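Asks: What follows is a predicted structure for the sequence shown.
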Amino acid sequence: MTQEKHAGTSSILVPVFVPAVVVIVLLVLGTISNPEMAGAAFSATLSYITDTFGWFYMLSVAFFLIFIVGIAFTDWGHIKLGPDHADPQYSFPAWFAMLFSAGYGIALLFFGVAEPVLHYASPPSGAGETIDAAKQAMQIAFFHWGFHIWAIYGLVALVLAYFAFRHGLPLSMRSALYPLIGDKIYGPAGHVVDVFAILGTLFGIATTLGLSVAQINAGLNYLWPSIPVSTTVQIISIALITSLAILSVVAGMDKGVKRLSIVNMVLAVSLMLFVFIAGPTVHILESFLQNTGSYLNFIVE
């Protein structure tokens, strides 16, 4: 939402900020006033989009993956996402931690367990709770959290980084249209793109945050039964998480986001090692190898 420094003194772009806030407030008020109707409307919209544009989604993600891999193996893959003389600002471990934490976060911890179980119980084809259903479940989980998802992230990241840090354009989605419409990105067309980008990002974060507080609430209730599974506890959790996120952002990349990401990676790796060592180690290794091979073997299908 920020604009270039020479474009004005305000850090908020009003033609983007106001429409985004209005749409968000209307959706929130509508959902609160009639949750059942809102749930039905969202469910119907999801079904329509999935049934009508599912093929387009699959085709787009496949194209993204081919494009990203193609870029990596050509001379274009050596172009710096910044000035030619620039050096990396962060070490590889810190950079990896920030990318991994932003890309996966609570979604992987939640769906990494929930998604295979759900697809095992109700697979896309065939009977549930069978060996075939288990194989389908892991293939779908690997598809959702494997190369394809990072192709989507990678494409958006490349566009933003290339135009912002190498060409000095605003760090917003409107800059991706610069080769097509030029300086018109600073006009209404650019504002519309940024509004949609804000809404998409916000609702994506809202989904992740909703899943995380439900998981946190269930975990607290399991450890301390006196803490109920309730909306009040989840609202308090949202407030605390949001406050910590704000503190992290205000502290800056080095003191806030980087340190929080590194702590997050240490905790995630510790959890992974604990499950690997305390659980059926040999079975985990065999399953990982088999499921990875299955994912790569059926990647086109």
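Replies: Received the coordinates, thanks. Note that the coordinates shown come from a computational prediction; the quantities given were computed from them, not determined experimentally.
Asks: so how far is V156 from W150?
Replies: W150 sits 11 Å away from V156, taking CB to CB, to the nearest Å as the criterion. Any C-beta I mention is one placed from the backbone N, CA and C, and that applies to glycine too.
Asks: Give me the more crowded residue out of those two.
Replies: Neighbours were counted for W150 and for V156 using other CB atoms under 10 Å; W150 has more, 18 against 14.
Asks: Quickly find the element holding the more buried one.
Replies: Taking DSSP states H and E as the definition, W150 sits inside helix 147-161.
Asks: Could I get the buried residue list for that helix?
Replies: Neighbour counts using 16 or more other CB atoms under 10 Å place 147-151, 154-155, 157-158, 160 of helix 147-161 among the buried residues.
Asks: just the CA coordinates of the helix or strand following it, formatted as PDB?
Replies: For helix 147-161, the succeeding helix or strand toward the C-terminus, using DSSP H and E, is helix 178-181. Extracted in PDB, the C-alpha atoms of helix 178-181 (Å, rounded to 0.1, in the frame of the first residue of the first chain):
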ATOM      1  CA  TYR A 178       4.600  -2.200 -15.600                       C
ATOM      2  CA  PRO A 179       5.800  -4.000 -18.800                       C
ATOM      3  CA  LEU A 180       2.200  -4.000 -20.000                       C
ATOM      4  CA  ILE A 181       0.800  -0.600 -19.100                       C
END
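Asks: Now do G219 against S212, distance only.
Replies: Going from G219 to S212 by CB to CB gives 10 Å.
Asks: again, but for G252
Replies: G252 sits at a distance of 24 Å from S212 (criterion: CB to CB).
Asks: got it, and S287?
Replies: In terms of CB to CB, S287 sits 26 Å off from S212.
Asks: Look at those two and report which has more neighbours.
Replies: Taking other CB under 10 Å, S287 and S212 do not tie; S212 has more neighbours (19 against 13).
Asks: I'd assumed F110 was in contact with the more buried one.
Replies: Yes. Using CB atoms under 8 Å, S212 makes contact with F110 at a distance of 7.0 Å.
Asks: what's the spacing between S226 and I152?
Replies: For S226, the distance to I152 - CB to CB - is 42 Å.
Asks: same for the helix holding W150, what does it pack against?
Replies: Helices and strands touching helix 147-161, by 3 or more CB pairs under 8 Å, 6 or more residues apart in numbering; DSSP states H and E, are helix 35-72, helix 92-103.
Asks: Quick one: neighbours of A164, just the number.
Replies: Quick note: A164 (other CB under 10 Å) scores 16 neighbours.
Asks: Give me the pLDDT for the most centrally placed residue in the chain.
Replies: Nearest to the geometric centre of the chain sits G103, at 4.9 Å (CA atoms, centre = their mean). As predicted, G103 sits at a pLDDT of 77.
Asks: now the one 5 residues further on
Replies: The predicted local distance difference test score for L108 is 78.
Asks: which residues sit in contact with P123?
Replies: 132-133, 136-137 (CB atoms under 8 Å, 6 or more residues apart in numbering).
Asks: whoops, M265 was the one
Replies: Here M265 is in contact with 96-97, 100-101 (criterion: CB under 8 Å, 6+ apart).
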